[in-house]
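[1] coordinates only, no sequence provided:
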């Protein structure tokens, strides 16, 4: 009986020791996670949030905001890097480029890190990385496409047209985020329409990306600068020169005189001598 009691006591004591040791291990593990500077557990490593958009298409001159969502940043830092030249633009909220158009925006306690690009330029197009300085580095790529919307009139920049013929100009709008609300045709800065004079026809395709103007029976007054001006793109112009028809030669007067030429010529002398020789033979 004594041996059984001692065995039970030893078993209870061992269980108590194991329970105390396990509780102490749990408390130590939790405190090590809570203290900054301690090794990170894989469960709390920084991670990127789901991005609803990875490609940003904008117009020249606009301001762009590219968001990067980062969870569990801890003591790590978020950087924005331009990929084409591996140029660090920002680290945290500080800008590390001479181009002050680039800026990182972040509110304390937020998971969002914004890359702001003010006055976007055509050469800003390309890939940008949102990076976390873990080892190895974590990155999330974003693409920015900057469109320089431009109207283009087909053909040469100068036209020479004979009076009385037809001028036909075609204009197309390139690289727009959306169709222009309108496209105007201007002649020396004044808007053209079919009511200005007879013989003008303007045809615009839907959606509005292409327009044509026909001007029939052009005259000298139709010479000048013709401009295609969309509502949301840079305009284009051509110079039209109207050439007058060649004037007919001036008519001769009714009375005219024949200039005097002597009838006696060397040829006549030869013929007379030949006649005389034949007659005497």
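    Now that the structure is in, tell me what you want to look at. All of these numbers come straight from a predicted model, not from anything done at the bench. Numbering: from 1, shown residues only.

[2] and the residue lying closest to residue 120 once chain neighbours are set aside, how many neighbours?
    In this structure, residue 120 finds its nearest non-sequential neighbour in residue 146, 4.8 Å apart by Cβ to Cβ, 6 or more residues apart in numbering. All C-beta spots, glycine's among them, are computed from the backbone N, C-alpha and C. Number of residues near residue 146 (other Cβ atoms under 10 Å) recorded here: 21.

[3] need the contact list for residue 146.
    58, 59, 60, 120, 121, 122, 123, 124, 125 (Cβ atoms under 8 Å, 6 or more residues apart in numbering).

[4] any chance of the residues you listed in TSV, plus pLDDT, neighbour count and distance to residue 240?
    Below are the contacts of residue 146 laid out as TSV (pLDDT from 0 to 100; neighbours: other Cβ atoms under 10 Å; distance: Cβ to Cβ, whole Å):
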residue	pLDDT	neighbour count	distance to residue 240
58	94	18	35
59	92	16	31
60	93	16	29
120	97	22	35
121	95	13	34
122	94	11	30
123	95	8	35
124	97	19	37
125	96	16	35
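
[5] and the residue nearest to residue 120, how far from residue 55?
    Using Cβ to Cβ, to the nearest Å, residue 146 is found at 12 Å from residue 55.

[6] quick check: buried residues in stretch 194-212?
    Neighbour counts over stretch 194-212 (16 or more other Cβ atoms under 10 Å) mark 200, 202, 204, 208, 209, 211, 212 as buried.

[7] taking the residues you listed one by one, which sit in strands?
    200, 202, 204, 211, 212 (DSSP state E).

[8] quick check, nearest of those residues to residue 233?
    Nearest to residue 233 out of these is residue 211 (Cβ to Cβ; 12.1 Å).

[9] residue 185 is in contact with residue 214, correct?
    No - counting by Cβ atoms under 8 Å, residue 214 does not reach residue 185; the two are 10.7 Å apart.

[10] common neighbours of those two, please.
    In contact with both residue 214 and residue 185: residue 202, using Cβ under 8 Å, 6+ apart.

[11] the two - which one has more neighbours?
    Counted by other Cβ under 10 Å, residue 214 and residue 185 do not tie: residue 185 has more neighbours, with 22 against 15.

[12] check contacts around the nearest residue to residue 186 once chain neighbours are set aside.
    Among residues not flanking residue 186 along the chain, residue 227 sits closest, at 4.2 Å (Cβ to Cβ, 6+ apart). Residues in contact with residue 227 (Cβ under 8 Å, 6+ apart) are 184, 185, 186, 187, 189, 235, 236, 237.

[13] which of those fall in strands?
    Counting by DSSP E, the contacts of residue 227 place 184, 185, 186, 187, 236, 237 in strands.

[14] out of these, who's the most crowded?
    For the ones in strands among the contacts of residue 227, neighbours were counted using other Cβ under 10 Å, and residue 185 has the most, 22 neighbours in all.

[15] that residue contacts residue 201, correct?
    No - using Cβ under 8 Å, residue 185 is not in contact with residue 201, being 10.8 Å away.

[16] now for the two: what residues contact both?
    residue 213.

[17] wait, residue 50 sits on residue 69?
    Yes - applying Cβ under 8 Å as the test, residue 50 and residue 69 come out as touching, 7.4 Å apart.
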